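In: okay, predicted coordinates and the sequence, questions at the end:
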Amino acid sequence: MTAYKRLTIDDIASLAGVSRTTASMVLNGHAERYRISPATVERVEKVAREHHFNPSQSARSLRSKRSNSIGLVIPDLTNSAHAALAQAMENLCRERDYQLVLVTSDEDPQREAEGMAHLVARQVDGMAVVPCSSDATLYQQWTSRLPLVFVDRRIDGSGIPSVVTDATDTVARLIGSKLEQGVREVVYFGGQPTLSPSRDRLAGYRQALLQYGITPRKEWIAERDFQRASGFAMMQQWHAREGRYPQALFTASITLLEGVLSFMSQTHHLREAPSCLMTFDDHPLLDCLPIPIDAIVQDGQRMAEQCLQQIFSLLHSPQPSPADLAIPAGITRR
């Protein structure tokens, strides 16, 4: 039992002095059809406004078979790139009179599955997922229930459309610019090797080194996951083994960079650092650091736009033509 009282349409009808049916007709936009007088419409709407009442979304969903909501599953909100993606999608959904419903997976497939099931149970009209697993079967089970689109990450061969950043060439271009300046040691810290962003960003790293005739040493490449703690651990292990910082370092996400900077701050108060620092994903705070850090900039707004376009295409078109899209990225040089 709860002490909170949920306002119902019966309450609005009583306060407005009309029948429940009349209140329902007015609040669901059918007043003109049923020739309800303007004075009655104004009275019912005034009461509804004063009490911040809207007709039950669940009831409207049952009638229309639409909830006017889109689900979004992201790993976490501490990743600034995913937070920006969520913000862009929320704004775009609002423009279409849709509500964005957000859940996080914490890079845990079980938690992700529970979150997706929760969204489906809420009758969202479509779902965008940043998948934390490379197992396509975990996601294919939902494609018969609602439109599903991958965003930021893809699973090749899954049959599920995706919108990702065109990372490989951009990473190769950024690292290649440093090699052209004479850098000869570039260390790579990456996330889960099975995820598409990890593969794409590592491919760009290898492509750049190959172009300049450099064979990376085994210890130049370290991969764990995209968590801040992993960036700290990889930097700690490198420094303990080599007794120094690498000449150049590329981190495959800004969360990994945060871990690297945390180690450098705790250990040397940022007075020692790689000669060249590069990262995937940008943040305005990088402009404020005493160490220049070049960053790859994802176009989160365009990714959100294309992702929602794919979802609505699947939702409304009798013969949708979903596709795997790669959005160009930019580079901020400092």
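Out: Thanks, I have the structure now.
In: and Ile95, how far from Met89?
Out: In this structure residue 95 is Glu, not Ile. Spatial separation of Glu95 from Met89 under the definition C-beta to C-beta, to the nearest Å is 11 Å. (C-beta placed from N, C-alpha, C; glycine too.)
In: scratch that, Ala208
Out: Taken as C-beta to C-beta, the spacing of Ala208 relative to Met89 amounts to 32 Å.
In: settle it for me: which of Glu95 and Met89 has more neighbours?
Out: The neighbour count for Glu95 versus Met89, taken as other C-beta atoms under 10 Å, is higher for Met89 (26 against 9).
In: can you tell me the element that one falls in?
Out: With elements taken from DSSP states H and E, the one containing Met89 is helix 80-95.
In: residues making contact with the helix or strand that that helix is followed by?
Out: Counting by DSSP H and E, the element after helix 80-95 in chain order, helix or strand, is strand 99-104. The set of residues external to strand 99-104 that reach it, using C-beta atoms under 8 Å, 6 or more residues apart in numbering, is 68-77, 86, 89-90, 93-94, 111, 115-116, 118-119, 122, 124.
In: where does the stretch 1-150 of the chain have low pLDDT?
Out: By pLDDT under 70, the low-scoring segments of the stretch 1-150 of the chain are 1-6, 55-66.
In: before we move on, the earlier item: write a ChimeraX command that selects only the buried members of the contacts of strand 99-104.
Out: A single ChimeraX command selects the buried members of the contacts of strand 99-104 (16 or more other C-beta atoms under 10 Å):
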select :69,70,71,72,73,74,75,86,89,90,93,111,115,116,119,124
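In: now the helices: where do they sit in the stretch 101-250 of the chain?
Out: For the stretch 101-250 of the chain, the helices defined by DSSP state H, counting those that start in this stretch occupy 109-121, 137-140, 167-180, 196-211, 228-242.
In: out of those helices, flag the one nearest Leu7.
Out: Closest of the helices of the stretch 101-250 of the chain to Leu7 is helix 109-121, at 24.2 Å (criterion: C-beta to C-beta).
In: kindly export the closest one (C-alpha atoms) in PDB.
Out: These are the backbone C-alpha positions of helix 109-121, laid out as PDB (Å, rounded to 0.1, in the frame of the first residue of the first chain):
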ATOM      1  CA  PRO A 109      26.000  -8.900 -21.100                       C
ATOM      2  CA  GLN A 110      23.600 -10.100 -18.400                       C
ATOM      3  CA  ARG A 111      22.800  -6.600 -17.200                       C
ATOM      4  CA  GLU A 112      22.400  -5.600 -20.800                       C
ATOM      5  CA  ALA A 113      20.000  -8.400 -21.600                       C
ATOM      6  CA  GLU A 114      17.900  -7.500 -18.500                       C
ATOM      7  CA  GLY A 115      17.800  -3.800 -19.600                       C
ATOM      8  CA  MET A 116      16.700  -4.700 -23.200                       C
ATOM      9  CA  ALA A 117      14.000  -7.000 -21.800                       C
ATOM     10  CA  HIS A 118      12.800  -4.100 -19.600                       C
ATOM     11  CA  LEU A 119      12.600  -1.800 -22.600                       C
ATOM     12  CA  VAL A 120      10.700  -4.400 -24.600                       C
ATOM     13  CA  ALA A 121       8.300  -4.900 -21.600                       C
END
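In: let me see the backbone angles for the closest residue to Tyr34 other than its chain neighbours.
Out: Spatial nearest neighbour of Tyr34, chain neighbours left out: Met25 (5.2 Å); criterion: C-beta to C-beta, 6 or more residues apart in numbering. Reported as degrees, to the nearest 10, the phi and psi values for Met25 are phi -60, psi -40.
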